[in-house]
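>>> The following block contains a protein sequence and its predicted model.
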Amino acid sequence: MFHPERCDYCGDCLAFCPYVKYDKNRAEKEMRELVAGGVPSIVESCVTCAACNQVCPTKANPFDLLNERQEQTGALGIPATALANFAKLSSLPTTIKHGDPGKPVMNLCIVGDMVREQLKSPLFQGVTTVEGADYFCTVGYVHLGKPSLVKAEAKRFVEKLAALGVDEIVCFHDDCYALLTTMAEEYGIKVPFRPVHLFEYLCGVLSSQKEHLRKVPMKVAYQAPCASRYTPEKDVYLDRLFELLGAERVPRRYDRLNGLCCGAPLMARDKERAAKVKGWNITDAKEFKADAMVFLCPMCYLNLRKLCREGGMDALFISELCERALPAP
Ligand code: SF4
Ligand code: SF4
């Protein structure tokens, strides 16, 4: 939710945006027009990465207003087929696979099929998994310029997960974690269980075997998903993971606050621009001599893995990197 009373029109948000080249004056002008109810050019140029929310020093959430205007005007020009395809995910069969008693419950949202191989890892042994329509967080609608649909579905999502009756639920998908923490709070929805981020879960599993871990002395370029803009505080677990593994997170240009979108949200509206953004990510990781790019979001992983491998780097989902540290069976 945008907080107009917090905005002093400093322009930091849009002057930071890595996808347009605005100076502070232009950024201020665009923000003034946006808040006044207009449709400045950033509404259409925006990649929907949410970085400006993270950058705003007063936490005014400028992206939320942009996203709202994108919905009101259809400025993103998302093709109806892309919207229809995303909507179909709400009819995926709901599945619960019971694991061992006492082991965590993990929500796979609608990304289970994208990472089925990775889920076979001993890292997830005994875990109960839930997935499909009932457990779909719908946060992806933000990229399609339909944020009202995320809000409309949020209560249902929380209630379905709450009905599982457990104290903690591991979020495999970063989008779900964003919804159950920052976004739920904004919507005024109480979450009656503790959402556990995948990073925290993996840290717990590896720490429990710390004495027996093998070192993974790789140079890795981390590719953060856009949803992480809502929850940057959990990244301490990622640094802890790299430390446990003995892997070096290369100080690439597009990391941490300066991270870039993987390009996937642009695919439906502008393939050429999407290719450019993908290229920036790959070139940057190569320039910093990464052995591999490491992904948290299955969509980023699917979107960049081919380019990554063509660029001579490995493409690894975060759990695949962690699995390399496990002692031989
Ligand atoms: S939204 Fe935040 S960063 Fe942007 S102009 Fe307002 S106060 Fe500055
Ligand atoms: S959401 Fe991302 S792309 Fe859009 S204006 Fe903010 S920083 Fe730029």
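Structure's in. What do you need? Ligands and ions are numbered 1, 2, ... in the order given.

>>> contacts, neighbours, all on C-alpha from now
Noted.

>>> Could you pick out the residues of the chain near ligand 1 for me?
Applying C-alpha under 6 Å from any ligand atom, we find that the chain lies next to ligand 1 at 7-13, 31, 56-58, 60-62.

>>> from those residues, which ones fall inside helices?
With DSSP state H as the criterion, helices contain Asp12, Cys13, Met31, Pro62 from among those.

>>> Could you find the closest non-adjacent residue to Val196?
Val170 (4.5 Å; C-alpha to C-alpha, 6 or more residues apart in numbering).

>>> Any figure for the gap between the one you found and ligand 1?
Distance, Val170 to ligand 1, by C-alpha to the nearest ligand atom, to the nearest Å: 32 Å.

>>> so that residue makes contact with Phe199?
No: look at Val170 against Phe199 with C-alpha atoms under 8 Å: they stay out of range, at 9.5 Å.

>>> On the three-state scheme, the residue nearest to Cys226 when sequence neighbours are not counted is what?
Nearest residue to Cys226 in three dimensions, chain neighbours excluded: Cys49, at 5.1 Å (C-alpha to C-alpha, 6+ apart). Under DSSP: H, G, I helix; E, B strand; the rest coil, the three-state class of Cys49 is coil.

>>> which residues touch Cys49?
Taking C-alpha atoms under 8 Å, 6 or more residues apart in numbering as the criterion, Cys49 is in contact with His143, Cys226, Ala227, Arg229, Leu260, Cys261.

>>> Mind jotting down where the strands sit in the chain?
95-97, 105-107, 128-131, 168-171, 194-197, 219-223, 248-249, 292-295, 314-317 (DSSP state E).

>>> how about those in JSON lines, adding distance to Glu68 and mean pLDDT?
Below are the strands of the chain laid out as JSON lines (distance: least, C-alpha to C-alpha, whole Å; pLDDT from 0 to 100):
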{"stretch": "strand 95-97", "distance to Glu68": "33", "mean pLDDT": "98"}
{"stretch": "strand 105-107", "distance to Glu68": "28", "mean pLDDT": "98"}
{"stretch": "strand 128-131", "distance to Glu68": "29", "mean pLDDT": "98"}
{"stretch": "strand 168-171", "distance to Glu68": "26", "mean pLDDT": "98"}
{"stretch": "strand 194-197", "distance to Glu68": "27", "mean pLDDT": "98"}
{"stretch": "strand 219-223", "distance to Glu68": "27", "mean pLDDT": "98"}
{"stretch": "strand 248-249", "distance to Glu68": "35", "mean pLDDT": "98"}
{"stretch": "strand 292-295", "distance to Glu68": "29", "mean pLDDT": "98"}
{"stretch": "strand 314-317", "distance to Glu68": "32", "mean pLDDT": "98"}
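
>>> could the ones you listed be laid out in JSON lines, adding mean neighbour count?
Formatted as JSON lines, those follow (neighbours: other C-alpha atoms under 10 Å):
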{"stretch": "strand 95-97", "mean neighbour count": "13"}
{"stretch": "strand 105-107", "mean neighbour count": "26"}
{"stretch": "strand 128-131", "mean neighbour count": "22"}
{"stretch": "strand 168-171", "mean neighbour count": "22"}
{"stretch": "strand 194-197", "mean neighbour count": "19"}
{"stretch": "strand 219-223", "mean neighbour count": "24"}
{"stretch": "strand 248-249", "mean neighbour count": "18"}
{"stretch": "strand 292-295", "mean neighbour count": "25"}
{"stretch": "strand 314-317", "mean neighbour count": "20"}
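
>>> So for ligand 2, which of these sits nearest?
strand 219-223 (15.4 Å; C-alpha to the nearest ligand atom).

>>> circling back to that earlier point, who are the contact partners of the residue nearest to Val196?
Counting by C-alpha under 8 Å, 6+ apart, Val170 has contacts Pro104, Val105, Met106, Asn107, Pro195, Val196, His197, Leu198, Tyr201.

>>> Try it again at 7 Å.
Residues in contact with Val170 (C-alpha atoms under 7 Å, 6 or more residues apart in numbering) are Val105, Met106, Asn107, Pro195, Val196, His197, Leu198, Tyr201.

>>> Then Tyr135?
Asn107, Cys109, Phe157, Lys160, Leu161.

>>> Now do the end-to-end distance for stretch 34-54.
18 Å (C-alpha to C-alpha, to the nearest Å).

>>> in it, what counts as buried?
34-35, 39-40, 42-44, 46-54 (16 or more other C-alpha atoms under 10 Å).

>>> now for these, which pair is the farthest apart?
Val39 and Gln54 (21.9 Å; C-alpha to C-alpha).

>>> Surely Leu182 is in contact with Tyr230?
If you look again at residue 182, you'll see it is Thr, not Leu. Yes: using C-alpha atoms under 7 Å, Thr182 is in contact with Tyr230, at 6.2 Å.

>>> of those two, who's got more company?
Tyr230 (20 against 12; other C-alpha atoms under 10 Å).

>>> Go ahead and confirm that one touches Thr181.
No: when contacts are counted by C-alpha under 7 Å, Tyr230 is not listed as touching Thr181 (8.5 Å).

>>> list the residues that contact both of these two?
Common neighbours of Tyr230 and Thr181 (C-alpha under 7 Å, 6+ apart) do not exist.
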